[in-house]
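Novice: would you be able to build a 3D model of this:
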Amino acid sequence: MPPPDRGACVSGIWTLNPTIPNPEAVAGYIYSGPTAAHTYSSVFEDGEPDVFIILGPNHHGVGAETAVWRNGGWKTPFGVVKVDEKVADALIGQSPDFKADERAHKQEHSIEVQLPFLQFLFPNTKIVPIRIISELGSQNRISELWEKSNEIGRTIANTLDSLDIDGLVIASSDFTHFESASSAFSKDHAAIDKIIKLDDEGFVQTVYTHYATICGYAPIITSIAFAKERGATIGKLLKYTTSGDISGDNGHVVAYGSIIFQ
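Specialist: Next comes the predicted model:
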């Protein structure tokens, strides 16, 4: 469990990936970075945990449904971030849902883009990268992924408890893609209302009924389950933006949000 001075303060975090409005646009940090910074400011104020479990969606369907990168490190311009092999191995040993699989990570970036923020704030931090399949398919498939994501979140919390390790979950996703800013705002805030209430079932139903293109909904559900297992009772929206706030084009945006659980 977290030490007493941390309580359940930022038990789970939703930040974002840098999806960009068109292939000619500059790197996505220009759109998503200011919003992500709100999350990491809160993390810094709360203090460094022993390990960050970083969850990202698997857009390509390659590899295991819940794919753990279990050893070595990830390199960025800030240097190498080490993978916490003890925690990765414990998760893989704890549940058959977790598979050691690097293939699922090779074509993805939503975990990688979180690392420079962590490295800047916590130079010696350790991570466990995990990819989770998030399909915008049938109601039955989304319900199946909801149940699995819930179980994954609880397993992460219980595994960290058994190891007596203070860990924090970051779920990386974006919100609505390629719609008007007004449409994105409406869909996203319907989803955010469920997230901050830690209503993961309501959240997944909102994604389905609104056909909200929130690509990392399974990592978000997992972070909610982790947060609840750690005693969180409420979420807080720190910042919501769209690419239109930077580009001036509000007709065709990608949306971003920063939410913490307490």
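Novice: number of nearby residues for I224?
Specialist: Counted with other Cβ atoms under 10 Å, residues neighbouring I224 total 32. Using the backbone N, CA and C atoms, a C-beta is placed for each residue, glycine as well.
Novice: that one contacts F261, doesn't it?
Specialist: Yes - applying Cβ atoms under 8 Å, one finds I224 in contact with F261, separated by 7.2 Å.
Novice: do a quick rundown of the strands in the stretch 101-250 of the chain.
Specialist: Counting by DSSP state E, counting those that start in this stretch, one finds strands in the stretch 101-250 of the chain at the ranges 126-133, 167-172, 177-179, 235-242.
Novice: pipe those strands into JSON lines and attach distance to H105 and mean pLDDT per row.
Specialist: Shown next, in JSON lines, are these (distance: least, Cβ to Cβ, whole Å; pLDDT from 0 to 100):
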{"stretch": "strand 126-133", "distance to H105": "6", "mean pLDDT": "93"}
{"stretch": "strand 167-172", "distance to H105": "12", "mean pLDDT": "95"}
{"stretch": "strand 177-179", "distance to H105": "21", "mean pLDDT": "88"}
{"stretch": "strand 235-242", "distance to H105": "27", "mean pLDDT": "95"}
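Novice: tell me the most buried of those strands?
Specialist: strand 167-172 (a mean of 28; mean count of other Cβ atoms under 10 Å).
Novice: ok, that one: who's next to it in the sheet?
Specialist: strand 12-15 (parallel), strand 51-58 (parallel) (DSSP bridges).
Novice: quick one: name whatever helix or strand follows the shortest one.
Specialist: Put plainly, it is strand 12-15. helix 29-46 (DSSP states H and E).
Novice: contacting residues for the closest residue to G235 other than its chain neighbours?
Specialist: Leaving out its chain neighbours, the residue that sits closest to G235 by Cβ to Cβ, 6 or more residues apart in numbering is I196, at 3.6 Å. Residues counted as contacts of I196 (Cβ atoms under 8 Å, 6 or more residues apart in numbering) are I234, G235, K236, L237, I259.
Novice: please name the residues that touch I54.
Specialist: I111, Q114, I127, V128, P129, I130, V169, I170, S172.
Novice: quick check: the last one vs N140, distance?
Specialist: Which is S172. 26 Å (Cβ to Cβ, to the nearest Å).
Novice: hang on, V113 packs against G28?
Specialist: Yes - using Cβ under 8 Å, V113 is in contact with G28, at 7.4 Å.
Novice: need the helices for this structure, in chain order.
Specialist: In the chain, the helices defined using DSSP state H lie at 29-46, 85-94, 115-121, 139-163, 181-196, 200-209, 217-229, 244-247.
Novice: make JSON lines from the ones you listed and add distance to H60 and mean pLDDT to it.
Specialist: Output for the helices of the chain, formatted as JSON lines (distance: least, Cβ to Cβ, whole Å; pLDDT from 0 to 100):
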{"stretch": "helix 29-46", "distance to H60": "20", "mean pLDDT": "92"}
{"stretch": "helix 85-94", "distance to H60": "22", "mean pLDDT": "96"}
{"stretch": "helix 115-121", "distance to H60": "20", "mean pLDDT": "95"}
{"stretch": "helix 139-163", "distance to H60": "16", "mean pLDDT": "88"}
{"stretch": "helix 181-196", "distance to H60": "23", "mean pLDDT": "95"}
{"stretch": "helix 200-209", "distance to H60": "20", "mean pLDDT": "89"}
{"stretch": "helix 217-229", "distance to H60": "14", "mean pLDDT": "94"}
{"stretch": "helix 244-247", "distance to H60": "27", "mean pLDDT": "92"}
